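Engineer: predicted model and sequence below, questions to follow.
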Amino acid sequence: MNTFGKKALTRLVLAVSALSCSVAYAAAGGTIADIKARGQLTVGTEAAYEPYEFVQNDKIVGYGKDILDHMVAKLGVKLNQLNQPLQGLLPGVLARKFDFVATSVGITKERAQKVAFTEPVGEVRSMLVVKKSNTAIQSGADIAGKIVGTQMGSLAQPEIQKYSQQLEKEGKKGYADLKLFQSYPDVSVALVNGTIDVGVLPSNVLALEMKQKPDAYRVVGQVGERRLLAWVTNPKDKEIRAFINQTLDDMRSDGTLAKLQEKWFGETMDLPTKDYLPAGAL
């Protein structure tokens with residue numbers, strides 16, 4: 001190939017590369033106008049957190065899905081909801097694989113310094129659970145020396161790790177082992193089959209589990225404080241974040257949000273609309 005041909009080929013490769021980058025960038029994120037131009041809202045969700053978001057009859061349903069349906073109707077676009085593990089959602093929104101994360105992510109100082117949280121959509125508490133037939137564990141103090149399990153990357157993980165350190169400071173044993181699972185349903189299965197002695201489950205998931213299986217579990221305590229849950233956007237996509245917050249405010253004002261909470265939780269939630277982010281949050 002002559003020099004002219006090589007230069008032409010190089011220009012073609014660079015042009016295709018630039019076009020590919022442009023298309024990848026346009027796949028998600030940006031502005032509300034970008035979403036409308038695409039005719040599609042793409043969100044990342046871990047649909048394993050009932051009743052916030054879960055799979056039923058091969059479809060994602062739940063409290064969050066109902067809010068999303070309201071948003072796409074407002075935008076006049078279609079919804080493309082991607083079901084992915086929690087561990088990949090925050091890196092995904094930063095890489096603009098989707099417009100935002102529409103799953104209930106706990107607001108923490110560490111996360112808030114990397115991604116942009118919306119107004120809270122819910123709340124959760126981390127509960128210590130054993131099989132109902134387990135009479136050896138009656139309180140949180142009794143889990144010393146036991147095998148404990150929770151979801152990897154969840155709000156519960158650092159809380160249960162801190163509790164182990166607290167037990168050791170009190171002169172007691174830490175855990176025999178801390179097993180981390182990909183999802184909360186996996187934690188429930190491990191608890192039932194005896195792979196773990198104690199499961200750490202979010203209060204909303206546990207409430208449904210106990211309703212469906214009243215003779216399976218027993219609560220022995222709580223670790224940490226109430227945590228607020230919110231959706232997540234790329235810090236650069238300020239207009240998308242503002243749109244979500246404004247929509248939540250409108251749904252709160254006209255009573256739609258309260259109706260959805262009653263539908264999915266059996267009660268309404270007292271969620272803050274300001275001063276909910278930790279210091280240094282984006």
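Structural biologist: Everything's here; your move.
Engineer: for the stretch 51-200 of the chain, which segments count as strands?
Structural biologist: Here the stretch 51-200 of the chain has its strands, by DSSP state E, counting those that start in this stretch, at 53-56, 59-61, 78-83, 100-106, 116-131, 147-151, 177-181, 198-202.
Engineer: partner strands of the first one, with direction?
Structural biologist: Here strand 53-56 is paired, per DSSP bridges, with strand 48-49 (antiparallel), strand 59-61 (antiparallel).
Engineer: mind checking which of the ones you listed is nearest A136?
Structural biologist: With CB to CB, the closest approach to A136 among the strands paired with strand 53-56 belongs to strand 48-49: 29.4 Å. Every C-beta, even on glycine, is put in place using the N, C-alpha and C of the backbone.
Engineer: and the pLDDT for G145?
Structural biologist: With respect to pLDDT, G145 scores 95.
Engineer: check G30 too.
Structural biologist: At G30, pLDDT is 89.
Engineer: dihedrals phi and psi, it?
Structural biologist: phi 110, psi -120 (degrees, to the nearest 10).
Engineer: need the contact list for the closest residue to it other than its chain neighbours.
Structural biologist: The shortest distance from G30 to any non-neighbouring residue, by CB to CB, 6 or more residues apart in numbering, is to D237 (6.4 Å). Applying CB atoms under 8 Å, 6 or more residues apart in numbering to D237 gives the contacts G29, G30, T31, D99, F100, A116.
Engineer: the second one and A190, how far apart?
Structural biologist: Distance of G30 to A190, given as CB to CB, to the nearest Å: 41 Å.
Engineer: now swap in the first one and tell me
Structural biologist: Distance check for G29 against A190: by CB to CB, it reads 36 Å.
Engineer: more neighbours, those two?
Structural biologist: Shown here are G29 and A190; by other CB atoms under 10 Å, G29 has more neighbours (22 against 18).
Engineer: now D177. Nearest residue, chain neighbours left out?
Structural biologist: In space, D177 is closest to I147, 4.8 Å off (CB to CB, 6+ apart).
Engineer: what's the answer for Q161, then?
Structural biologist: Closest to Q161 by CB to CB, 6+ apart is L178, at 7.0 Å.
Engineer: ok, the one you found - contacts?
Structural biologist: Here L178 is in contact with V148, G149, T150, I160, Q161, S164 (criterion: CB under 8 Å, 6+ apart).
Engineer: now the strands of the stretch 51-200 of the chain in CSV, with distance to K211?
Structural biologist: Shown next, in CSV, are the strands of the stretch 51-200 of the chain (distance: least, CB to CB, whole Å):
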stretch, distance to K211
strand 53-56, 14
strand 59-61, 17
strand 78-83, 24
strand 100-106, 19
strand 116-131, 14
strand 147-151, 20
strand 177-181, 22
strand 198-202, 13
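Engineer: which one of these lies closest to E46?
Structural biologist: strand 100-106 (4.8 Å).
Engineer: which strands or helices does the closest one pack on?
Structural biologist: With contacts defined as 3 or more CB pairs under 8 Å, 6 or more residues apart in numbering; DSSP states H and E, strand 100-106 has these neighbours: strand 40-45, strand 53-56, helix 63-75, helix 89-94, strand 116-131, strand 217-233, helix 238-253.
Engineer: name the helices or strands packed onto the fourth one?
Structural biologist: Counting contacts by 3+ CB pairs under 8 Å, 6+ apart, the secondary-structure elements packed against helix 89-94 are strand 40-45, strand 100-106, strand 217-233.
Engineer: give me whichever of the ones you listed is most buried.
Structural biologist: strand 100-106 (a mean of 26; mean count of other CB atoms under 10 Å).
Engineer: got the contact list for that strand?
Structural biologist: 43-47, 49, 52-53, 64, 67-68, 81, 86, 89-90, 92-93, 111, 115, 117-118, 121-122, 124, 154-155, 227-234, 237, 240-241, 244.
Engineer: show me what contacts the closest residue to F181 other than its chain neighbours?
Structural biologist: Spatial nearest neighbour of F181, chain neighbours left out: V187 (5.1 Å); criterion: CB to CB, 6+ apart. By CB under 8 Å, 6+ apart, the residues touching V187 are G149, T150, Q151, F181, I196, G199, V200, L201.
Engineer: good, wrapping up.
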